[in-house]
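>>> missing the sequence, but the structure's below:
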């Protein structure tokens, strides 16, 4: 990757260009395929093409400005960030630094002047108006403003050396196995500890493919190296935590296949982290659809069935988030979610999480049918009798309410439960407000059934 690539690939500009290209493609296809296309469609295509051209010219202009900024006089660069100073200040030793970077150092408790290595006698920062004026004039002569978007955004304290270090580590990911392992481990640590380092990945479309290249290309004898796979997948998880990265990560073509492969064949830590990455990415509705279409629900359900304690929470969270959409509910039911969840509930495993998923799936007709056929009613009644958690009882009665009102043959089991244990009456009195409503609805139906029998 070229060294300036990180700066040139502004995610907002890239996203806008992609959007315009898609719209242009749609309009052109409409013009080509429709013999009687309207003049309005042609005008729209012209406008879209013009907007795309304007965006490209703006991008080139920013790129040229950036080259000027990188080539600025050394005395205008902060000794810490190695970048053009926006707010030069003087410390007690007489040295000048850019305010955000020296402040970051002072906040960390480090009172050593980076240039002189002397202890600062005080932490007062005095504006260096002379240098600021010189920088302002230099920028004015080149048509650059100090607030120009071509200037790197340093609010997070990202330095030129940080960018160089990232580039160096990503280049190692295409090197020998020892270099890849070393770089992957460091990337994992940096993206865990430093939020601003996660943001750096969003500045280049090449960064994530480079990170993943050892898993997509480097198939060593005996398969992928497990330690390397774990570090890379965990780094991907760390990147996904950053909100601005979620769309970029999910839409990078190799991400979903590699996450699915990690779910199926990684160490248990790798599999758990792959599930956590899918959970984090699924916070975006557009990603929910993309993940569901990729086929990720099947390996998630398989991992849920295995029931490893380390992975269960992340897997359950990912499945729940994905099944918020109707399409993913259908996919989950097709790959055996209901059967797996009921099996785990019968064994009293992770009841709170799994009951929440079961309640979510109960809005899908096929799921409800399967629940009735697979013995969900006695299982849920048993849990209601024993459960301490109000939320678990609420989810049980909500699912039972749907099953029974969809399958009249289940009322007999409900009647026997109420007769022997008063479980439903107890919940109608002491449950959550939602549980009370559902329990009362079931009791009303049971009482109507008794009255109808007596009248007959």
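Ah, there it is. If you're wondering where the values come from, they're calculated on a predicted model, not measured in any experiment.
>>> residues in contact with stretch 365-385?
With CB atoms under 8 Å, 6 or more residues apart in numbering as the test, stretch 365-385 has contacts from 329-330, 333, 337-339, 342, 345-346, 348, 351, 355, 358, 361-362, 392-393, 396-397, 399-400, 402-404, 406-407, 409-410, 413-414, 417, 421, 423, 427. The way it works is simple: take the backbone N, C-alpha and C, and place the C-beta from them, glycine included.
>>> so of those, which ones are in strands?
Assigned to strands by DSSP state E, none of the contacts of stretch 365-385 qualify.
>>> now these: which count as buried?
329-330, 333, 337-339, 342, 345, 351, 355, 358, 361-362, 392-393, 396-397, 399-400, 402-404, 410, 413-414, 417, 423, 427 (16 or more other CB atoms under 10 Å).
>>> can you name the element that comes right after the strand or helix carrying residue 178?
Following DSSP states H and E, one finds residue 178 within helix 177-193. Sequence order places helix 195-201 as the next helix or strand after helix 177-193, per DSSP H and E.
>>> for that next one, packing partners?
The elements that helix 195-201 packs onto, with contact taken as 3 or more CB pairs under 8 Å, 6 or more residues apart in numbering; DSSP states H and E, are helix 160-172, helix 177-193, helix 207-216, helix 226-241.
>>> need the contact partners of the third one.
In other words, helix 207-216. By CB under 8 Å, 6+ apart, helix 207-216 touches 1, 6, 166, 170-171, 173-174, 180, 184, 187, 200-201, 224-225, 228-229, 232, 235-236, 239, 248-249, 252, 254-255, 258, 261.
>>> can I have the buried ones of those as a ChimeraX selection?
Filtering these down to the buried ones (16+ other CB under 10 Å) takes a single ChimeraX command:
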select :1,6,166,170,173,180,184,187,200,201,224,225,228,229,232,235,236,239,248,249,252,255,258,261
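>>> phi and psi next, for residue 204.
phi -140, psi 130 (degrees, to the nearest 10).
>>> likewise residue 253?
Torsion angles, degrees, to the nearest 10, at residue 253: phi -50, psi -40.
>>> what residues sit buried inside stretch 378-396?
Neighbour-count burial for stretch 378-396, counted by 16+ other CB under 10 Å, picks out 379-384, 387, 391-396.
>>> between its first and last residues, how far does it reach?
Stretch 378-396 has an end-to-end distance of 11 Å (criterion: CA to CA, to the nearest Å).
>>> for it, what is the distance to the chain centroid?
32 Å (CA atoms, centre = their mean, to the nearest Å).
>>> all the helices of the stretch 201-350 of the chain, in order from the start?
Shown for the stretch 201-350 of the chain, the helices assigned by DSSP state H, counting those that start in this stretch span residues 207-216, 226-241, 246-251, 255-265, 268-281, 285-293, 297-306, 309-322, 326-334, 337-346.
>>> please identify which of those helices is closest to residue 44.
With CB to CB, the closest approach to residue 44 among those belongs to helix 285-293: 24.1 Å.
>>> show me what the closest one is packed against.
Packed next to helix 285-293, using 3+ CB pairs under 8 Å, 6+ apart, are helix 246-251, helix 268-281, helix 309-322, helix 326-334.
>>> pick the most deeply packed of those helices.
Burial of those is given as mean neighbour count (mean count of other CB atoms under 10 Å); helix 268-281 ranks first at a mean of 25.
>>> relative to helix 297-306, how tilted is that one?
130 degrees (axes from the mean of the first three to the mean of the last three CA atoms, to 10 degrees).
>>> touching, residue 415 and residue 447? I think so.
No: in this structure residue 415 lies outside contact range of residue 447 using CB atoms under 8 Å: 10.2 Å.
>>> the two: which has the busier surroundings?
Applying other CB atoms under 10 Å to residue 415 and residue 447 shows that residue 415 carries more neighbours, namely 16 against 11.
>>> model confidence score at that one, please.
pLDDT for residue 415: 95.
>>> check which helix or strand covers the residue nearest to it when sequence neighbours are not counted.
Excluding the flanking residues, the one nearest residue 415 by CB to CB, 6 or more residues apart in numbering is residue 446, at 5.7 Å. Counting by DSSP H and E, the element that carries residue 446 is helix 433-455.
>>> related to what we said a few turns ago, deepest of the helices and strands packed on helix 195-201, which one?
Among the helices and strands packed on helix 195-201, highest average neighbours (mean count of other CB under 10 Å) belong to helix 226-241, with a mean of 24.
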